[in-house]
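Colleague: Coordinates for the following, if possible.
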Amino acid sequence: MPDAKPGRVRYSILLMLFLVTTITFADRSSLSVAGSAMQAGLGIDAVTLGYIFSAFGWAYVIGQIPGGWLFDRFGTKPVYTLALFIWSALTLLQGFVGWLPGTWAVTSMFLLRLLVGFASAPCFPGNARIIASWFPTAERATATAISSSAQYAATALFAPLMGWVVQAMGWQAVFIVLGCLGLALSFVWLKQLHGPRQHPRIEAAELAHLEKGGALIDLEGQRGGSGGSQWRYLGLLLRQRTMIGIYLGQYCNNAITYFFLTWFPVYLVQARGMSILGAGFAAALPAISGCIGGVLGGLLSDGMVRRGHSLTLARKLPMVLGLLLSSAVVLCIFVESDTAVVALMALAFFGKGLGSLGWTLVADTSPRQILGLSGGLFNTFGNLAAITTPIVIGYLVSHTGSFDGALVYVGLNALLAVVSFGLIVGQIHRVELDSASGSAS
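Modeller: Alright, predicted model coming up:
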């Protein structure tokens, strides 16, 4: 009798991941759409706007390792649900800072962006845990690519919508709309998210398919060690060449992301002379391209695994090719046409999407006992770019009066990411912890 065909419950989990990640990136990029109008309304300069952009990143980075530890300690569902609810409520509150006097408004916006960053820090370590437990190795890159492509879908969907909201109702309304959406989604998330063994609709055939294919289906039943042991594990991770290359590559990769999430719409308005509404629509095409590239990168990588290629080649090839394409952002310096600029940005973000398999590498290589901690460390490195990129670009624009230096900065980071993922990362394999000695191998 032939084996029963595995079910598709894991795809409903992936859909929820995609929706939540879309709201996450819409919340964090909302300020970029409202940035020019807020800058004019509050009377702030480019450097101040750069610091407000970076506020999210400061707290997001600080929250990564504690967030990853919370997942390992308490499980994914309670931590993720609470985080989603809190960051959505804080996003909603940002819609009311315009009622405060100038200095208080700026200070309050900075503080709220800090808190949103801290509250949303567990998102991607949680995604990595969910994908590692719900998807076998040969499906993991596609699942990761689809969930990660939500960062582009968020811009493609919400940039035009939020541009219209700013123009029709003012910049404050952006935060009110997104905050309400996130609060509603948090209740759906609470009801729908389960581990593989705990899900009420999963069948034995699908559970066997996951287990046979290398999914960590018992991950939610495992708990990390004590708080003190986590510091020892951090040291072990930072002594692994594979992990170091992945972490450094993600920092450079995220410099591209945070240019797009913060300064790109401002660049279109201030350097290219577009309206806020026009910039919102123009930002959608690169976002759609990034989404397509992300899904194709995952499909290409998993397809190579199924055809018998090594995991190392299957993961690295799309990443290196994609990030080389991303460096095309520099060519925007040399073109005059707005259409050409948007086309080049679309090419660059298609490549960025194609090469966005960093979270797949985390799921493939991290010790299973501390996957949340490793994901938190990975995102800590990656989101240092959320701090540095907005500030560096703010200073470059302020001191040169041009975005040319900013585009060069982004392009160089794409090339450095190629070096990190292509050369520093060696053979891709899971780092195993010796439970007796606590050492890694």
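Colleague: dump the residue contacts of Y80.
Modeller: V20, F71, P122, C123, G126, W189, L193 (C-beta atoms under 8 Å, 6 or more residues apart in numbering). C-betas here are computed from N, CA, C, even on glycine.
Colleague: pLDDT below threshold where in the stretch 151-300 of the chain?
Modeller: 220-231, 276-277, 280 (pLDDT under 70).
Colleague: again, 50 this time
Modeller: Judged against pLDDT under 50, the low-scoring parts of the stretch 151-300 of the chain cover residues 225-228.
Colleague: can you give me the helices for it?
Modeller: Secondary structure of the stretch 151-300 of the chain (DSSP state H, counting those that start in this stretch): helices located at 172-192, 204-212, 227-237, 241-258, 264-270, 276-306.
Colleague: Pretty sure K352 sits against G322.
Modeller: Yes. Assessed by C-beta atoms under 8 Å, K352 is found in contact with G322 at 6.5 Å.
Colleague: Quick check: neighbours shared by those two?
Modeller: In contact with both K352 and G322: G293, using C-beta under 8 Å, 6+ apart.
Colleague: quick one on the thing from earlier: any chance of the contacts of Y80 in a markdown table, with distance to A143 and neighbour count too?
Modeller: As requested, the contacts of Y80 are exported to a markdown table (distance: C-beta to C-beta, whole Å; neighbours: other C-beta atoms under 10 Å):
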| residue | distance to A143 | neighbour count |
| --- | --- | --- |
| V20 | 14 | 24 |
| F71 | 18 | 29 |
| P122 | 19 | 29 |
| C123 | 16 | 25 |
| G126 | 14 | 29 |
| W189 | 17 | 20 |
| L193 | 15 | 20 |
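Colleague: Format those residues as TSV; extra columns: distance to T365.
Modeller: Formatted as TSV, the contacts of Y80 follow (distance: C-beta to C-beta, whole Å):
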residue	distance to T365
V20	24
F71	17
P122	20
C123	20
G126	18
W189	27
L193	25
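Colleague: Kindly indicate which of the residues you listed lies nearest N383.
Modeller: Of all these, N383 sits closest to C123, with 10.8 Å by C-beta to C-beta.
Colleague: ok, for the closest one, nearest residue in space, not its chain neighbours?
Modeller: T24 (5.0 Å; C-beta to C-beta, 6 or more residues apart in numbering).
Colleague: likewise S12?
Modeller: Q192 (7.3 Å).
Colleague: and that neighbour, what does it touch?
Modeller: S12, I13, M16 are the contacts of Q192 under C-beta under 8 Å, 6+ apart.
Colleague: Secondary structure element holding the second one?
Modeller: Translated: I13. helix 9-42 (DSSP states H and E).
Colleague: how far out from the middle of the chain is that helix?
Modeller: Computed by C-alpha atoms, centre = their mean, to the nearest Å, the chain-centroid distance of helix 9-42 equals 10 Å.
Colleague: and it with helix 172-192, angle?
Modeller: Taking axes from the mean of the first three to the mean of the last three C-alpha atoms, to 10 degrees, one finds that helix 9-42 is oriented at 160 degrees with respect to helix 172-192.
Colleague: mind checking the end-to-end distance for stretch 366-373?
Modeller: 9 Å (C-alpha to C-alpha, to the nearest Å).
Colleague: Report the mean confidence score over that stretch.
Modeller: The pLDDT scores in stretch 366-373 average 76.
Colleague: Per-residue pLDDT of A141, please?
Modeller: At A141, pLDDT is 83.
Colleague: ditto for V61
Modeller: So, for V61, pLDDT stands at 79.
Colleague: Secondary structure class of the closest residue in space to it that isn't next to it in sequence, three-state.
Modeller: In space, and not counting its chain neighbours, V61 is closest to N383: 4.9 Å by C-beta to C-beta, 6+ apart. State at N383, reduced to three classes by DSSP: H, G, I helix; E, B strand; the rest coil: helix.
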